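Asker: Starting from these lines, generate the structure:
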Amino acid sequence: MAYQTIDGIKYEKELLDLAKEFTTGRGEGKLSKEEVKDLFKSASDGQTVTEIEKLTLQYIRKGFEFTDAAAKDFDEAFTKL
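Answerer: The predicted structure is shown next:
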């Protein structure tokens, strides 16, 4: 698993890259419901969602734009982790 350090905090590079891919080059630049589902699927690729994956998801939630429906789905899915 590769990591990326931003402001001294280690995040999962794969999740960050996925969020960037989803928000550039197509669409409206916001994460959609389907893309949120893909992010959580990627985060839970192991037996559990690690603390670094949770931190990365929080970073994505604060740093990326979401459609209203996607934001709601994200928040609901995150509370279940």
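Asker: any idea which element the spatially most central residue of the chain lies in?
Answerer: The centre of the chain sits closest to residue 57, judged by Cα atoms, centre = their mean, with a distance of 4.2 Å. Using DSSP states H and E, residue 57 falls within helix 51-63.
Asker: Give me the buried positions along that helix.
Answerer: Within helix 51-63, the residues that count as buried by 16 or more other Cβ atoms under 10 Å are 52, 53, 56, 57, 59, 60, 61. C-beta coordinates here come from the backbone N, C-alpha and C atoms, glycine included.
Asker: With stretch 2-22 instead?
Answerer: By 16+ other Cβ under 10 Å, the buried positions in stretch 2-22 come out as 11, 12, 14, 15, 16, 18, 19, 22.
Asker: Same list (the residues you listed) but as JSON lines, adding pLDDT and distance to residue 79.
Answerer: Shown next, in JSON lines, are those (pLDDT from 0 to 100; distance: Cβ to Cβ, whole Å):
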{"residue": "11", "pLDDT": "98", "distance to residue 79": "20"}
{"residue": "12", "pLDDT": "97", "distance to residue 79": "20"}
{"residue": "14", "pLDDT": "96", "distance to residue 79": "22"}
{"residue": "15", "pLDDT": "97", "distance to residue 79": "18"}
{"residue": "16", "pLDDT": "98", "distance to residue 79": "21"}
{"residue": "18", "pLDDT": "96", "distance to residue 79": "21"}
{"residue": "19", "pLDDT": "97", "distance to residue 79": "19"}
{"residue": "22", "pLDDT": "93", "distance to residue 79": "22"}
